[in-house]
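*Asks:* coords below, sequence missing:
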Ligand code: APR
């Protein structure tokens, strides 16, 4: 049984990583346009680099929760039949042990060189304008996908979505495309669709099954059922 699990900020919320759309519309005190668009970066690179340096440090100090670990356990049980597609830029899925994983919105632990296109692993601050380890130019930005930019690995994701038997959406508000369209795409190709979320997203194309609850409760319970049913 081929399963695609799409995750969003809600799966990391109980690890202490803030979500985007649950509070006051601001993102840790900033307007999204200022810190998550190419235009915002162009207008005030120091603000943006400092913002992501702080987020990188914040994520380094939190740990995966039982929802991340349950998905890793599912991969242990069904192997490459499971693909986790995350919109999150934290590394909690891989720290929980997931390997068949796509970071469609990039990763905080990588930098992107605006000169040569390299995507080196990067865990130190970018505000100091360090040189790119590949080309030596001091033009590194966070390797996160901003509004107006194309997400990573869209072909691989779409191939998995149209071929899966079950599509599961975890902890995402369904506000940002193309990710928000994947459940409908999977359904159109015959998959059963499941939403596991604190507050059901009310998607335009309804999920076959919706389980409301905290990720740390509903995700391990769902994984146990899938493994037991094999
Ligand atoms: N358990 C399960 N779901 C939760 C929990 C929890 N403990 N806490 C919050 N949620 C749900 C919320 O109800 C909401 O539906 O998680 C969802 C979080 O939604 P968003 O904050 O919009 O995050 P996400 O969907 O990941 O955002 C998508 O938007 O800003 C961009 O690039 C950014 O990847 C991000 C994208």
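*Replies:* Done, it's in. Bear in mind that the values here come from a model prediction, so they are computed numbers and not experimental data.
*Asks:* And the pLDDT for residue 101?
*Replies:* pLDDT, residue 101: 98.
*Asks:* Could you tell me which residues of this protein lie near the ligand?
*Replies:* 8-10, 13-14, 19-22, 87, 105, 171-173, 175-176, 197-199, 201, 214-215 (CB under 6 Å from any ligand atom). Yep, even glycine has a C-beta here, placed from its N, CA and C like the rest.
*Asks:* how about 5 Å then?
*Replies:* Neighbours of the ligand within the chain, by CB under 5 Å from any ligand atom: 8-10, 13-14, 19-21, 87, 105, 171-173, 176, 197-199, 214-215.
*Asks:* Can you go through these and name the buried ones?
*Replies:* The neighbour count (16 or more other CB atoms under 10 Å) marks 8-10, 13-14, 19-20, 87, 105, 171-173, 176, 197-198, 214-215 as buried among the residues of the chain next to the ligand.
*Asks:* Can you pull the poorly scored residue ranges out of the protein?
*Replies:* 22-26 (pLDDT under 70).
*Asks:* Mind giving me the packing neighbours of the strand of greatest length in it?
*Replies:* Scanning the chain for the longest strand, with DSSP state E as the assignment, gives strand 106-113. Secondary-structure packing of strand 106-113 (3 or more CB pairs under 8 Å, 6 or more residues apart in numbering; DSSP states H and E): helix 45-60, strand 140-144.
*Asks:* can you give me how far stretch 145-164 is from the chain middle?
*Replies:* Centroid separation for stretch 145-164 versus its chain: 12 Å, with CA atoms, centre = their mean, to the nearest Å.
*Asks:* got a list of contacts for it?
*Replies:* Here stretch 145-164 makes contact (CB atoms under 8 Å, 6 or more residues apart in numbering) with 2-4, 32-33, 36-41, 83, 85, 102-106, 167, 178-179, 182, 185-186, 189, 191.
*Asks:* Pull out the buried residues from it.
*Replies:* By neighbour count with 16+ other CB under 10 Å, stretch 145-164 contains the buried residues 145-146, 151-152, 157, 160-162, 164.
*Asks:* One more: stretch 202-211?
*Replies:* So stretch 202-211, judged by 16+ other CB under 10 Å, has buried residues 203, 207, 210-211.
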